[in-house]
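>>> dropping a prediction and its sequence here:
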Amino acid sequence: MTYEEAKQKLAAKSQEYILKYFQDLTPEVQEGLLKQIDELDLSLLDFIEKGTAQDIRGKLEPLGALTLEQIEEKRDHYETLGTQMIKQGKVGAVLLAGGQGTRLGFDKPKGMLNVGVTKELYLFEQLIYNLMDVTEKTGNSIPLFIMTSEKNDKDTRAFFEEHDYFGYDRDAVYFFLQEMALSAGYDGKIFMQDKGRIVTSPNGNGGWFSSMDKAGYLPVLKNLGVEYLNVFAVDNVLQRIADPVFIGAVYDADCICGAKVVAKADANEKVGVLCLEDGRPSIVEYYEMTDEMIHSRGKDGRLSYNYGVILNYLFRVDTLTKIMNENLKIHVVRKKVPYMDENKEWITPEEPNGYKFELLVLDMIHMMDHCLSFEVDREKEFAPIKNKTGADSLESARMLMKKNGIAL
Ligand code: UTP
């Protein structure tokens with residue numbers, strides 16, 4: 001892209017100030033800035049206004065789950081099915097590790113967090129051990145795709161190298177980069193990193209499959225014969241990965257997708273709940289629910305909107321390929337974004353100061369015709385580390401790890 005073209009593109013959205021220092025930059029930095037502008041999706045800025053319009057929901061109705069009791073009754077059957085599928089190489093896993101963990105405020109990739117107490121035990125390490133609980137039984141390695149972002153890719157790869165992949169088969173590990181997006185202040189102006197660079201940040205976890213495609217991994221999935229992908233978050237240390245019981249149950253129910261869910265701890269718990277929207281599976285956020293929905297109960301006495309998602313999904317690869325080019329909703333979120341101001345001062349905000357634009361994996365669920373809601377025991381499978389202290393923190397996760405007999 002030439003300088004003139006960049007100027008025109010920016011002018012269309014009143015963002016010309018980005019080129020204010022262009023003449024002061026070295027040719028290399030100039031080239032980098034033009035490339036950034038060329039790649040920039042300026043249409044994201046329209047969503048600052050449009051945000052609420054795209055939030056209009058269809059008709060919401062409760063969706064039950066395959067409950068713990070029902071799963072227990074057929075556990076052996078599901079496990080046999082799932083184990084067979086893994087042994088046939090039909091299952092891959094995708095670790096979403098491109099986030100910035102701003103709430104935790106850890107300056108390295110979140111997976112590098114030491115969750116040990118008397119010894120070193122890293123989040124990535126424990127996740128690999130959880131995966132190896134399965135591969136040690138099936139006897140074959142499960143391909144593990146790890147999504148990173150420009151911000152943490154180098155550190156993540158180096159960490160796995162340094163720790164010899166924590167004993168996992170390194171040939172079965174595939175890294176790929178997610179996309180980045182611009183961020184803007186409340187005045188709608190795109191944030192600058194310095195005189196020659198725009199601030200970009202990871203664009204949410206929803207673009208993972210198209211990023212896998214961009215990385216050239218679709219033919220790899222095909223060659224390996226992978227038909228199902230188990231997608232999971234980096235920060236749930238008790239995460240069961242490629243769980244044969246879950247995989248077998250989704251297959252048995254003839255579903256194209258499955259979601260692990262936990263029964264809400266209480267009606268007001270702030271989790272996204274799996275439900276139906278216009279007859280299709282969907283996730284409703286706690287702040288989108290009316291009081292009536294929050295407190296309504298079914299005949300069995302359970303909450304009608306009872307099952308919260310824990311970011312552990314199973315998708316069929318053929319379905320993902322079909323929906324890959326459909327647009328996911330853009331979430332405009334208020335976040336703290338450090339930036340260079342008009343006086344060239346570096347500002348590190350204490351409070352949210354602007355918008356980031358994110359795609360979320362949970363929106364993929366609504367693109368599925370059906371989804372098996374699969375209940376798991378939260379004490380055994382849900383120990384997220386999101387915050388510095390209190391709920392969903394390192395401390396609460398350590399307590400749950402101890403309860404599950406993990407030596408810390
Ligand atoms: P969160 O939504 O908790 O985001 O991610 P985060 O970036 O880790 O933390 P906060 O919100 O800034 O505090 C849920 C999962 O999705 C991944 C995260 O790494 C985590 O596994 N994720 C999130 C990505 O892979 N990319 C993203 O752009 C955002």
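Cool, got the structure.
>>> spell out which parts of the stretch 301-408 of the chain neighbour the ligand.
With the criterion set to Cβ under 6 Å from any ligand atom, the stretch 301-408 of the chain comes near the ligand through 311, 386. In this view, the C-beta of every residue, glycine as well, is placed from N, C-alpha and C.
>>> what ranges do the helices span in the stretch 301-408 of the chain?
For the stretch 301-408 of the chain, the helices defined by DSSP state H, counting those that start in this stretch occupy 317-323, 378-381, 394-403.
>>> mind giving me JSON lines with these and columns for mean pLDDT and mean neighbour count?
Converted to JSON lines, the helices of the stretch 301-408 of the chain look like this (pLDDT from 0 to 100; neighbours: other Cβ atoms under 10 Å):
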{"stretch": "helix 317-323", "mean pLDDT": "95", "mean neighbour count": "16"}
{"stretch": "helix 378-381", "mean pLDDT": "97", "mean neighbour count": "16"}
{"stretch": "helix 394-403", "mean pLDDT": "96", "mean neighbour count": "17"}
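>>> can I get the ones you listed in TSV with distance to Asp46?
Shown next, in TSV, are the helices of the stretch 301-408 of the chain (distance: least, Cβ to Cβ, whole Å):
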stretch	distance to Asp46
helix 317-323	23
helix 378-381	39
helix 394-403	39
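>>> closest one to Lys74 among those helices?
helix 378-381 (18.1 Å; Cβ to Cβ).
>>> what does the closest one contact?
Helix 378-381 has contacts (Cβ atoms under 8 Å, 6 or more residues apart in numbering) with 236, 238-240, 260, 262-263, 265, 310, 312, 400, 403-404.
>>> over to stretch 293-303?
60, 62, 64, 263-264, 267-268, 284, 286, 304-305.
>>> quick one: contacts for the residue of the chain found nearest the ligand?
Relative to the ligand, the nearest point of the chain is Gly99 (2.5 Å; Cβ to the nearest ligand atom). Contacts for Gly99 were tallied using Cβ under 8 Å, 6+ apart; they are 110, 149, 202, 205, 234-235.
>>> Ile310 now?
Ile310 makes contact with 233, 236, 260-262, 376, 378, 381-382, 384, according to Cβ under 8 Å, 6+ apart.
>>> if you set the cut-off to 10 Å instead, what comes out?
With contacts defined as Cβ atoms under 10 Å, 6 or more residues apart in numbering, Ile310 is in contact with 232-233, 236, 238-239, 259-262, 271-272, 376, 378, 381-384.
>>> how about the residue of the chain closest to the ligand, secondary structure?
Here Gly99 is coil, with the state taken from DSSP: H, G, I helix; E, B strand; the rest coil.
>>> return the distance of it relative to Ser43.
Distance, Gly99 to Ser43, using Cβ to Cβ, to the nearest Å: 23 Å.
>>> show only the entries of the contacts of Ile310 found in strands.
Of these, the ones assigned to strands by DSSP state E are 232-233, 259-262.
>>> what about the ligand: which of those residues touch it?
Ala233.
>>> I'd like the ones in strands among the contacts of Ile310 as JSON lines, with neighbour count, distance to Glu277 and pLDDT appended.
Shown next, in JSON lines, are these (neighbours: other Cβ atoms under 10 Å; distance: Cβ to Cβ, whole Å; pLDDT from 0 to 100):
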{"residue": "Phe232", "neighbour count": "26", "distance to Glu277": "24", "pLDDT": "98"}
{"residue": "Ala233", "neighbour count": "20", "distance to Glu277": "23", "pLDDT": "98"}
{"residue": "Ala259", "neighbour count": "27", "distance to Glu277": "14", "pLDDT": "98"}
{"residue": "Lys260", "neighbour count": "28", "distance to Glu277": "20", "pLDDT": "98"}
{"residue": "Val261", "neighbour count": "27", "distance to Glu277": "16", "pLDDT": "98"}
{"residue": "Val262", "neighbour count": "22", "distance to Glu277": "20", "pLDDT": "97"}
